[in-house]
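>>> what follows is a protein structure lacking sequence information:
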Ligand code: HEM
């Protein structure tokens, strides 16, 4: 294998383009993990197997996504995603408690209430396009409330996250320009918003108010650190749960027998969510950088300085790790998956995501267990984050 060192953008890579609108990209990822293990594509070393990615994620000589600077339309280094080493630990110590299980658990009632209302409205209308009317509104309204951003600006934040995660453009240059434009608007927004928020932080009990009150190393957070945290939170928190929920509702809609099993045995719901998150793998891959040469065994050596595309979605259907991985089995014995990555950069919001997914599906399965999806109208988008962006459903 020969290393190539141009900047890699997973959004325009050949593999992403090959699967971009497939209902089941898992078949392609499965073949990669089974037959290829690792290969250079478009200038990046792609890793497809669970054990290799696990080893890379915990290797001390591997940097996370931030090894080579801003890649989401923002010049600053996003905290904590684009930070490594002791600084990364310092930021996670500050952020982890804000999204810890106990901390998000108190949202249960309000999420359930909102889920009930949204499903009720859709039922009254006889059906809805659930990507917009449920999968977007439920987690995004919840997230804005949690972080302390105004609900009335939901439209602005959705436009921002679309611009940064799903930027328009055919080439890396066009994509970068569109992302930068979306990012610029968010910076402008926060300039005014934070100044105003600082005047009432004693009263507010939300993530932004806590960050404004917080100290790191005995000092309040610098404005640019705060921005580098919020920029990441606003797209990480607003896109991924929406996408995951759309994938899970669609899968259950296409598999009425398994859906009925969940209606009959509600205890199966949590294992089912984990299994479906393994199979659907909404964030397909992430970047890593080898600071030194890394020997993964059996002749696979990653050269120093290499950029690695760690394919979580392929590791999740890797037959050298998971038995019969293309089968969705709610009672699967080996349940470890890479959907939230692993190692130091594992997802900060996984507890919130799991809580929202559980409540959303519980409410849907209780209130509308026989929902019918219009299979011919489904639109899958597998670039950057997998979602079903058109999800018309009949609700009786
Ligand atoms: C089901 C929904 C979600 C999925 C599938 C998901 C997936 C991931 C993945 C794969 C990573 C690793 C990225 C990488 O290293 O390249 C990650 C990191 C991250 N996620 Fe999530 N995520 C989800 C929800 C959320 C939510 C709701 C938040 C909001 C708090 C969030 C915040 C973050 C942050 C801040 C990081 C960076 C962590 C670090 O670098 O230390 N995520 N997520």
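In hand now; what should we look at? In this text, all values refer to a predicted model and were calculated from it rather than measured experimentally. Numbering: from 1, shown residues only.

>>> how about the residues of the protein by the ligand?
Proximity of the chain to the ligand, by C-beta under 6 Å from any ligand atom, involves residues 64-65, 80-81, 92, 99, 232-233, 236-237, 240-241, 244, 282-283, 286, 312, 339-341, 345, 347-349, 352-353. Heads up, the C-betas are built off the backbone N, CA and C, glycines and all.

>>> helices along the stretch 1-150 of the chain, start to end?
14-19, 26-35, 50-57, 85-95, 101-105, 108-124, 130, 137-147 (DSSP state H, counting those that start in this stretch).

>>> mean pLDDT and distance to residue 177 added to those, as a markdown table?
Shown next, in a markdown table, are those (pLDDT from 0 to 100; distance: least, C-beta to C-beta, whole Å):
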| stretch | mean pLDDT | distance to residue 177 |
| --- | --- | --- |
| helix 14-19 | 93 | 19 |
| helix 26-35 | 98 | 30 |
| helix 50-57 | 98 | 31 |
| helix 85-95 | 96 | 29 |
| helix 101-105 | 96 | 36 |
| helix 108-124 | 98 | 36 |
| helix 130 | 98 | 32 |
| helix 137-147 | 97 | 26 |
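
>>> please work out which of those is packed deepest.
Neighbour counts (mean count of other C-beta atoms under 10 Å) averaged over each of these peak at helix 130, with a mean of 28.

>>> now distance to residue 44 too, for the helices of the stretch 1-150 of the chain, in TSV please.
Formatted as TSV, the helices of the stretch 1-150 of the chain follow (distance: least, C-beta to C-beta, whole Å):
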stretch	distance to residue 44
helix 14-19	10
helix 26-35	14
helix 50-57	13
helix 85-95	22
helix 101-105	34
helix 108-124	38
helix 130	35
helix 137-147	30
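
>>> can you say which of these is nearest to residue 276?
helix 26-35 (11.5 Å; C-beta to C-beta).

>>> hang on, the earlier thing: in strands, which of the residues of the chain next to the ligand appear?
residue 286 (DSSP state E).

>>> of the residues of the chain next to the ligand, which count as buried by neighbour count?
64-65, 80-81, 92, 99, 232-233, 236-237, 240-241, 244, 282-283, 286, 312, 339-341, 345, 347-349, 352-353 (16 or more other C-beta atoms under 10 Å).

>>> state the distance from the spatially most central residue of the chain to residue 339.
Using C-alpha atoms, centre = their mean, the residue of the chain that lies closest to the mean C-alpha position is residue 240, 3.7 Å off. Distance, residue 240 to residue 339, by C-beta to C-beta, to the nearest Å: 10 Å.

>>> common neighbours of these two, please.
282-283 (C-beta atoms under 8 Å, 6 or more residues apart in numbering).

>>> show me which positions of the helix ranked longest in the chain end up buried.
Longest helix in the chain by number of residues (criterion: DSSP state H): helix 223-254. Buried positions in helix 223-254, judged by neighbour count with 16+ other C-beta under 10 Å: 225-253.

>>> where in the stretch 151-300 of the chain is pLDDT low?
Of all residues in the stretch 151-300 of the chain, none has pLDDT under 70.

>>> all strands in it, in order from the N-terminus.
Along the stretch 151-300 of the chain, the segments classed as strands by DSSP state E, counting those that start in this stretch run 215-216, 219-220, 286-290, 294-295.
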